[in-house]
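In: Sequence below, structure please.
(chains A, B and C)
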Amino acid sequence: MSLSAAELAALVGGKLEGDGAVRVSGVSGLERATPEHLSFYGNQKYKQQLADTKAAIVFVPDDAPPRGNKTYIHVPNPHLAFARASQAFHPKKVHAPGRSSKASIHADAKVDATATVMDFVTVSAGATVGARAVLYPGVFIGEGASVGADTVLHANVAVLDRCAIGARCLLHASAVIGADGFGFALDMAVPEHVKIPQAGIVRVEDDVEIGACSCVDRATTGETVIGRGSKIDNLVQVGHNSTVGQLSILCAQVGLSGTTELGQGVVLAGQVGVAGHLRIGDLAKVGAQAGVMADVEDNTVVLGSPSMPSRDYMRSVAGFMKLPELMRELRDVKKRLEQLEKESKEKKP
Amino acid sequence: MSLSAAELAALVGGKLEGDGAVRVSGVSGLERATPEHLSFYGNQKYKQQLADTKAAIVFVPDDAPPRGNKTYIHVPNPHLAFARASQAFHPKKVHAPGRSSKASIHADAKVDATATVMDFVTVSAGATVGARAVLYPGVFIGEGASVGADTVLHANVAVLDRCAIGARCLLHASAVIGADGFGFALDMAVPEHVKIPQAGIVRVEDDVEIGACSCVDRATTGETVIGRGSKIDNLVQVGHNSTVGQLSILCAQVGLSGTTELGQGVVLAGQVGVAGHLRIGDLAKVGAQAGVMADVEDNTVVLGSPSMPSRDYMRSVAGFMKLPELMRELRDVKKRLEQLEKESKEKKP
Amino acid sequence: MSLSAAELAALVGGKLEGDGAVRVSGVSGLERATPEHLSFYGNQKYKQQLADTKAAIVFVPDDAPPRGNKTYIHVPNPHLAFARASQAFHPKKVHAPGRSSKASIHADAKVDATATVMDFVTVSAGATVGARAVLYPGVFIGEGASVGADTVLHANVAVLDRCAIGARCLLHASAVIGADGFGFALDMAVPEHVKIPQAGIVRVEDDVEIGACSCVDRATTGETVIGRGSKIDNLVQVGHNSTVGQLSILCAQVGLSGTTELGQGVVLAGQVGVAGHLRIGDLAKVGAQAGVMADVEDNTVVLGSPSMPSRDYMRSVAGFMKLPELMRELRDVKKRLEQLEKESKEKKP
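Out: As a prediction, the model looks like this:
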């Protein structure tokens, strides 16, 4: 398969600079690209790589000056154009519909005839699996759970009783949806931690991606919700009764305590932790390893543990790095002050 | 199913205020409760929610003043009463005993006749599975491993060779018990990391809960132990030869290095890390994201990375937040000091 | 099975002190050892344990003074000698070759006749499994993926399409190799996060160990690489297009963002996070919970979040702990300065 620059420009609605007949057969980053590749340039940081790249065609920003030495396609958002073009080169894998004779599908489950159910899959009583859904080996679908159309569940994913996965979702291997929330009440008299039944569910809306070995716990009562179009990386923990708004991004190893409320378009960088019963506002961003201990307002950026507004944090960290110097200076100040005090005393009558 | 206020008061040993005939069919938090619900109030923080709730019945503290406008049940510990009542509304799922013909049970394994072994479960040679234990699809029980009575292992849990799980335990999907501890010795001559055989086991005592995708590594020699009644959340790492005392709580994404010793009733909040060969004393509490680098005494609370007594940490963090101001003040002090020094010099003969 | 001191000395190339005929039947740490055990002493910290141990034979450093009271074997590296001796006591489990009739092996897969394929394993079209490889129940091998000779994949490991695992590797339960890298481009017009196809693979070189529930993501294009002889603990995240050099050590819960480049012999302690597009140099060490936000040079040790050279960090942390005192001192300095300024003013004419 190959595409010409003219075809690619049409595909992404871009403006061609150079030879529209040039053809590429794949995509690559600027640095590793060969003359068979389409690439993209979206960040001034990679200016030199743009100059050096062997890619035959490069997506560049609308306002990039013409360069003349190879074929460019000018677009408002080169990264986005690259994503669309890469999808053209890598169409989704198509699976033959059907049910493996080695799968275990309960007589009371409803599996669409166009779905693909591979070996060693379990679909429990009352569960439903939508059109063209793909269940890889080892997937477990609990009683009354549902999987939407065109959703793909990779090997060993577990969707527990009554949880609902939307359409066009992608769950990576060993993701666990609907394990019990973590709730206990201490009975000192026994003593024992008495389990609070986790009777709610998880609802994953459409177009959500959830990473490998990530866990979304069921609600105590009601629902834990992952909003439409949100993307969750690997090894993420979403506690019971949390709500992740639409189009949010949770990077790897993030942990949300119970009853966390994330707005829309929130971005949590890797290893962020969020304490319980907090709200992180729309379009807020939280930096890597931050520990959020208080509500975060819409459109703000917070960093650090405990998290602070990013500008304050940067200044405090700069201070932290200079603390040894600061301490030396303070010692010096104290000495000089003592000297002056001594002199002052001596001068007194 | 429904229960009356009088029945609920009897169930939890509480004192009724209001109409004992009022009936509820479920439980809920104060905020989302409807007139069908029982709820609880245990924290002054939720005073307003108590005033506003639509719940028909609310558990309140013994010493709460009578309110008169709906049915209350006075108890010493409303949260605990709520847990017990919720269990009454949500009895444990009962599974029909039996072995799926799609499971693989070794001829030399002993599986109690009352246990439930679902599809695609493997029980290896010499393994034992106790009365009424439930093994969900994809569970793997290694050679000589044992699972106690009434224990439930969710989908794709692995209990490796010779590890022992107690009675009434609950292991969530994809938990891994008994993977090798992480131990190597560097041989510079090759060079290679030479594996130290991990020949010990994991012993999980009775009434333990272990979260989804959590890992408890087998000991190098001897045992890694999870004590009776402890509760471990999702994505937790327990290193080889560690000991978790009874009734401890490990929140999500906690990591214990090798040979960590946790006392009884310890609480580790989310994402805490503990360096190796340390002891965390009985009833100690460690705050979220803390990094424990030294022993922690009984009954203490530590915070931060590296962890410090909570009061010291709070003060230091307050200082960290004020560091930019501190630096400004120090600069100002230095200027004024220079001025005085100059004046002092000028005055000298 | 038992070995004499003379046999052990020969095995590890050590120098015998004491009775070469003494026999032991196993290994143990100094503290828990019995007279049936071989142990080792490699760190002055454990001097007292060496004096107290009941072990019959102890590996000690070459230059340790003779002690005379039991049998010692002097070696350059007691820890390494212990690893080798322990391997002699714990030979690797041998598995009968063969394919379970309950496995699912595609007609177009090539599985070596000496490999062991257990129940409920899936080997997809075009995949290859090498000589003496062992696939535990629930393992999934995707299309065109390969598993090298003598490699062991524990229960529920997933190796996705086209990924390549080398020889003599050991992957623990529920490890996921080749889930999609986390890459999206935001299309504000819809709005949606557009998936960037993850068309590359993961290549795991020979002699690598990967922990339970650890995830190594496939590259966007090209390869994510785990270098020869590296050891990765449980619950680790390796982002797409990252490269881990040979003989590196990644402790539990480490997270590497995308396009991280680790040199050879790097050690990342537990819960370390590394931001994307960085290089960590050969033999560099990163302390537990550190957050690496900039390149790390060869042979350096960094600590903290954001990470700093270890010495600087230790000083800054010492300052952090003294911040409350520092603030008090600064307040005191300001008061005294004001006093002097007042006096100075009063003296002026």
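In: which bits of the stretch 1-150 of chain A sit near chain C?
Out: Taking Cβ under 8 Å from any Cβ of the partner chain as the contact definition, the stretch 1-150 of chain A meets chain C at A:26-29, A:32, A:77, A:79-80, A:82-84, A:86-87, A:89-90, A:100, A:102, A:118-120, A:136-138. All C-beta spots, glycine's among them, are computed from the backbone N, C-alpha and C.
In: Intersect the residues you listed with the contacts of chain B.
Out: A:Phe120, A:Gly138.
In: Give the buried subset of the residues of the stretch 1-150 of chain A next to chain C as a PyMOL selection command.
Out: Only the buried entries of the residues of the stretch 1-150 of chain A next to chain C go into this PyMOL selection, using 16 or more other Cβ atoms under 10 Å in any protein chain shown:
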select buried, chain A and resi 26+27+28+29+77+79+80+82+83+84+86+87+89+90+100+102+118+119+120+136+137+138
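In: Mind checking which of the residues of the stretch 1-150 of chain A next to chain C are in strands?
Out: A:Gly26, A:Val27 (DSSP state E).
In: Narrow the residues of the stretch 1-150 of chain A next to chain C to those in helices?
Out: Under the assignment DSSP state H, the residues of the stretch 1-150 of chain A next to chain C contribute A:His79, A:Leu80, A:Phe82, A:Ala83, A:Arg84, A:Ser86, A:Gln87, A:Phe89 to helices.
In: residues contacting the third one?
Out: To tie it back to what came earlier, the one meant is A:Phe82. A:Val27, A:Leu38, A:Ser39, A:Phe40, A:Phe59, C:Ala185, C:Ile196 (Cβ atoms under 8 Å, 6 or more residues apart in numbering or on different chains).
In: rerun at 6 Å
Out: When the contact criterion is Cβ atoms under 6 Å, 6 or more residues apart in numbering or on different chains, the partners of A:Phe82 are A:Phe40, A:Phe59.
In: Report the separation between it and C:Asn77.
Out: 51 Å (Cβ to Cβ, to the nearest Å).
In: would you list the ones in helices among the residues of the stretch 1-150 of chain A next to chain C in JSON lines and tack on distance to B:Ser2?
Out: Shown next, in JSON lines, are those (distance: Cβ to Cβ, whole Å):
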{"residue": "A:His79", "distance to B:Ser2": "56"}
{"residue": "A:Leu80", "distance to B:Ser2": "55"}
{"residue": "A:Phe82", "distance to B:Ser2": "58"}
{"residue": "A:Ala83", "distance to B:Ser2": "53"}
{"residue": "A:Arg84", "distance to B:Ser2": "55"}
{"residue": "A:Ser86", "distance to B:Ser2": "56"}
{"residue": "A:Gln87", "distance to B:Ser2": "53"}
{"residue": "A:Phe89", "distance to B:Ser2": "60"}
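In: Nearest to A:Gly239, out of those residues: which one, please.
Out: A:Ala83 (31.1 Å; Cβ to Cβ).
In: Check the secondary structure at A:Ala6 for me.
Out: When classified by DSSP: H, G, I helix; E, B strand; the rest coil, A:Ala6 comes out as helix.
In: What parts of the stretch 151-300 of chain A come near chain C?
Out: Residues of the stretch 151-300 of chain A lying near chain C by Cβ under 6 Å from any Cβ of the partner chain: A:155-156, A:172-174, A:212-213, A:229, A:231, A:233-235, A:252-253, A:270-271, A:288-289.
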